[in-house]
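Asker: how would this look folded up:
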Amino acid sequence: MAHDETRLLIDALLFENGHLRRTQHILKVYALTKAIGQAQRLSAQEQRIVQAAAILHDIAIGPCKAKYGDAEPQHQQQIAAPLVWQFLDRAGYAECDWTRIVELVEKHHEYDEIDGPDFQTLVEADLIANVYESEDACAKAKEVQPLFQTATGKALLSAIISHVQSLQDDDADDI
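Answerer: Next up, the predicted model:
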C-alpha cells in the first residue's frame, strides 16, 4: 500500500480534537515545510519524509500535557516514537522511512543536531510558524535568524521582519 499523506494529516488533526492552536500550527508547519522543501529541491524521498515529520512534529504535546503537565521537549521525545509509528502505519508509510521521520520528530528542537536538508527544512518551517505565533514576532524572528540556512527560509523570515518593522515605523496597527 502506498503512503497516504492526506490520511496522515487528517488523522493528526483529528488527534488534536479541535485544539485551535495545535491544529493551526500543524497546518502552518506542514505548508511551510512543503514549500521550503520543494523550493530547495529536496529529493522525492526527503520531501515525503519531511512532510510526514512536519505533520507529526508536535504530536506528543497533548499526551505530554496529560501525563506530565507540560510539553517539555525531553518529555515529547520519551513518548513520540510509538505515537508516530501508529500514525505512519495507519497511513501506509513504508517502514524504511519510519526511522528518519521519528528522528526528525524527536529532534526538531535540537538545532545543533541538524544533519541534512530535510531536518533544516523542518526546523525553519517550525521556527517561522513560531514567529507568526509569537507576541513579539520581530524579536523572535531576529532571535532565530542565525539558525536559517536555506534561501527560501531566509527570505520568508526576512519578509516577516521587514513587515513588522514597517508597521512599527509607521505606528500602524493593521497586521
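Asker: next one: phi and psi at the nearest residue to Pro73 once chain neighbours are set aside?
Answerer: Sequence neighbours aside, His109 is the residue nearest to Pro73 in space, at 4.5 Å (criterion: CB to CB, 6 or more residues apart in numbering). No exception for glycine: its C-beta is placed from N, CA and C like everyone else's. As for His109, its main-chain torsions (degrees, to the nearest 10) stand at phi -100, psi 0.
Asker: wait, His109 sits on His75?
Answerer: No - applying CB atoms under 8 Å as the test, His109 and His75 come out as separate, 11.5 Å apart.
Asker: who has more neighbours out of those two?
Answerer: Set His109 next to His75 and count neighbours by other CB atoms under 10 Å: His75 wins out with 18 against 15.
Asker: now do the contacts for the more buried one.
Answerer: His75 sits next to 60, 64, 67-68 when contact means CB atoms under 8 Å, 6 or more residues apart in numbering.
Asker: recalculate using a threshold of 10 Å.
Answerer: For His75, the contact set (CB atoms under 10 Å, 6 or more residues apart in numbering) comprises 60-61, 63-65, 67-69.
Asker: identify the residues contacting the residue nearest to Pro73.
Answerer: 57-58, 72-74, 76-77, 123, 126.
Asker: just among those, which is most surrounded?
Answerer: Counting neighbours by other CB under 10 Å, His57 leads the contacts of His109 with 31 neighbours.
Asker: count of neighbours near Glu46?
Answerer: Quick note: Glu46 (other CB under 10 Å) scores 18 neighbours.
Asker: all further residue positions should be reported with the first residue as 5.
Answerer: Taking 5 as the first residue, the last one we looked at is Glu50.
Asker: which residue sits closest to it, ignoring its sequence neighbours?
Answerer: That would be Asp122: by CB to CB, 6+ apart, it lies 4.5 Å from Glu50.
Asker: report how many residues lie close to that neighbour.
Answerer: There are 27 residues near Asp122, going by other CB under 10 Å.
Asker: how far away is it from Arg94?
Answerer: 22 Å (CB to CB, to the nearest Å).
Asker: could you say which helix or strand holds Ala159?
Answerer: helix 155-174 (DSSP states H and E).
Asker: list the residues that contact the closest residue to Gln81 other than its chain neighbours.
Answerer: Nearest residue to Gln81, sequence neighbours excluded (CB to CB, 6+ apart): Glu110, at 4.7 Å. By CB under 10 Å, 6+ apart, the contact set of Glu110 is 57, 61, 64, 77, 80-85, 88.
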